[in-house]
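Structure for this input, please:
(2 chains)
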2 protein chains.
Amino acid sequence: MDESPPRLRRPAFAGLVGASQLLGLASVVLTGVWMGHYRGGFAWDGSAQQFNLHPLCMVLGLVFLQGDAILVYRVFRNEAKRTVKVLHGVIHLLALIISVIGFVAVFDFHKAAGIPDMYSLHSWCGMATLVLFCLQWVLGLSFFLFPVASAWLRAAYLPVHVFCGLVLLVMAVGTSLLGIAEKLLFSIASTYSQFAPEGVLANVLGVLLVCFGVIQCYLVTKDEYRRPPNPEEESLSVHFKTLTEGASPATP
Amino acid sequence: MDESPPRLRRPAFAGLVGASQLLGLASVVLTGVWMGHYRGGFAWDGSAQQFNLHPLCMVLGLVFLQGDAILVYRVFRNEAKRTVKVLHGVIHLLALIISVIGFVAVFDFHKAAGIPDMYSLHSWCGMATLVLFCLQWVLGLSFFLFPVASAWLRAAYLPVHVFCGLVLLVMAVGTSLLGIAEKLLFSIASTYSQFAPEGVLANVLGVLLVCFGVIQCYLVTKDEYRRPPNPEEESLSVHFKTLTEGASPATP
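Predicted coordinates for the structure are as follows:
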């Protein structure tokens, strides 16, 4: 009985994954509409239009793509582990590249406009998130994709990697919310309290980001949605218990 | 072998609990210093001094006390479950009362100063957090302390209750960060970018709150730190697997 993979209530799982994708895409589109329609569009010339690329890149890279990179282990739970690992690493790399472009956009804009860097809570949280994201990606690559670490070390690091991944996703969502609040108070301080459409749109964006983060965390932490154990995972010595109890690990 | 409670690496656990308490207390003290020293102290007369009670109450109630209410299941992991349940409910009630005082403080101040309510992302997130916190407390009380629900329903609700509790703690931390950013941009917009001491202090408060939230989540989600199963828990039908495998649940 224990050899069969855990039963998965497909409709609930598929519904939650679908909802997370809708919320993530809606967040990216809403950020684009906010910056494109209300803030004058996009450019790469040190102007405010260059700044506008910053929120779009961060929501797309550090929130949506990071969330989906984490989710691949649940969505492709019956695919070969190595394939899913590569996909996990590649989506994270894409998220990292887009996030770095977003960071360059805002630092360039600050330089051109003579605005100091790194004074706000948003900037502190954002910098911490990106630096830790890079560290997490490099460590993940070294430990799991090009395994230079021993099986024992990999097994010990795996739960830390998973926990830190979720922390980073939540930090990215939290930092985005701080960015939204800052941008609104810089741009529409006088009309924000009169429920100006731009303010309501940006608030709704914040709510969508929170909902996206909550659903992603739920999908990743719910036991029922975990990948069923397979021989490759067993070789990582993660499932000592199954092996010592004599049960054969399930095939992928 | 499986009958003994999971081994607990006491020094690491104690160190993390100690660190979380230091971070939580430091956050409350720093909020007090910020409002007391930089923002003119406290009063209950509809003035800005009444507003100053809002951040203090929220950090004390919805962050520090809520976090510690969650943590009692780990810290008192070998005490009788019913005692810990009561403590969990009582600390949450205290957190709720203090949070409601914090909410009344800011709505009273807005009314006296003619400032509109509920327009900012901070207010949306804060209201959602408090309403869901109340719902979570009432449901928790009904399901677990005065069990009106069936054992099956309680077992099904337990993981949802735990997940929602952590989401609420993270939402409380995130909303506090939004509040810090808003307050700084309302109060010291002109000097914040020159690294005014008040701004740096408030940013540090934000960082401490994030660290507090991360450690609390780590302590609560790490398998090793979970309560060992006991007969009362077994009666909730949470540990079907142990029972069906014939292993005796460990005594508390």
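
So which bits of the stretch 151-252 of chain A are right by chain B?
Proximity of the stretch 151-252 of chain A to chain B (C-beta under 8 Å from any C-beta of the partner chain) is limited to residues A:159, A:163, A:167, A:170-171, A:173-174, A:177-178, A:180-182, A:184-186, A:189, A:192-195, A:199, A:202-203, A:206-207, A:210, A:214, A:217-218, A:221-223. From N, CA and C alone the C-beta is placed, and that goes for glycine too.

Please pick the buried ones from these.
A:163, A:167, A:170-171, A:173-174, A:177-178, A:180-182, A:184-185, A:192-193, A:199, A:202-203, A:206-207, A:210, A:214, A:217-218, A:221-222 (16 or more other C-beta atoms under 10 Å in any protein chain shown).

Which ones among these map onto helices?
Among these, the members found in helices (DSSP state H) are A:163, A:167, A:170-171, A:173-174, A:177-178, A:180-182, A:184-185, A:192, A:199, A:202-203, A:206-207, A:210, A:214, A:217-218, A:221.

excluding its backbone neighbours, what's nearest the residue positioned nearest the centre of chain A?
For chain A, the residue nearest the mean C-alpha position is A:Q66 (2.7 Å; C-alpha atoms, centre = their mean). Spatially, and ignoring its direct neighbours in sequence, A:Q66 is nearest to A:A95 (4.8 Å; C-beta to C-beta, 6 or more residues apart in numbering or on different chains).

right, and the helix or strand after the helix or strand hosting the one you found?
Per DSSP states H and E: A:A95 is located in helix A:81-113. Per DSSP H and E, the first helix or strand lying C-terminal to helix A:81-113 is helix A:121-140.

which stretches of chain A have low pLDDT?
In the predicted model of chain A, residues A:1-9, A:230-252 satisfy pLDDT under 70.

what angle separates the helix holding A:A95 from helix A:121-140?
150 degrees (axes from the mean of the first three to the mean of the last three C-alpha atoms, to 10 degrees).

Can you list the buried residues in helix A:81-113?
Buried residues in helix A:81-113, counted by 16+ other C-beta under 10 Å: A:81, A:84-85, A:87-89, A:91-92, A:94-96, A:98-99, A:101-103, A:105-106, A:108-110.

Show me how far stretch A:208-227 is from its chain's centre.
11 Å (C-alpha atoms, centre = their mean, to the nearest Å).

how deep is A:I215 tucked in, by neighbour count?
Neighbourhood size, A:I215 [other C-beta atoms under 10 Å in any protein chain shown]: 22.

To clarify, my last question referred to A:A43.
By other C-beta under 10 Å, neighbour count at A:A43 equals 14.

Setting the sequence-adjacent residues aside, check what's closest to it.
A:Q49 (3.6 Å).

same question, A:C57
Spatial nearest neighbour of A:C57, excluding adjacent residues (C-beta to C-beta, 6+ apart): A:G102 at 2.8 Å.

Distance-wise, check that neighbour relative to B:L145.
Separation of A:G102 from B:L145 (C-beta to C-beta, to the nearest Å) stands at 47 Å.

List the residues that contact the residue nearest to the centre of chain A.
A:Q66 is in contact with A:92, A:95, A:133, A:168-169, A:172, counting by C-beta atoms under 8 Å, 6 or more residues apart in numbering or on different chains.

from the chain's centre, how far out does the strand or helix carrying it sit?
Assigned by DSSP H and E, A:Q66 belongs to helix A:66-75. Helix A:66-75 has its C-alpha centroid displaced from the chain centroid by 9 Å (C-alpha atoms, centre = their mean).

ok and it relative to helix A:121-140, angle-wise?
Computed with the same axes, to 10 degrees, the direction of helix A:66-75 lies at 40 degrees from that of helix A:121-140.

distance of A:H88 from A:G67?
Distance, A:H88 to A:G67, using C-beta to C-beta: 12 Å.

secondary structure element for the closest residue to A:G41 other than its chain neighbours?
In space, A:G41 comes closest to A:Q49 once its chain neighbours are excluded; the distance is 5.6 Å by C-beta to C-beta, 6+ apart. Under DSSP H and E, the secondary-structure element containing A:Q49 is helix A:48-51.
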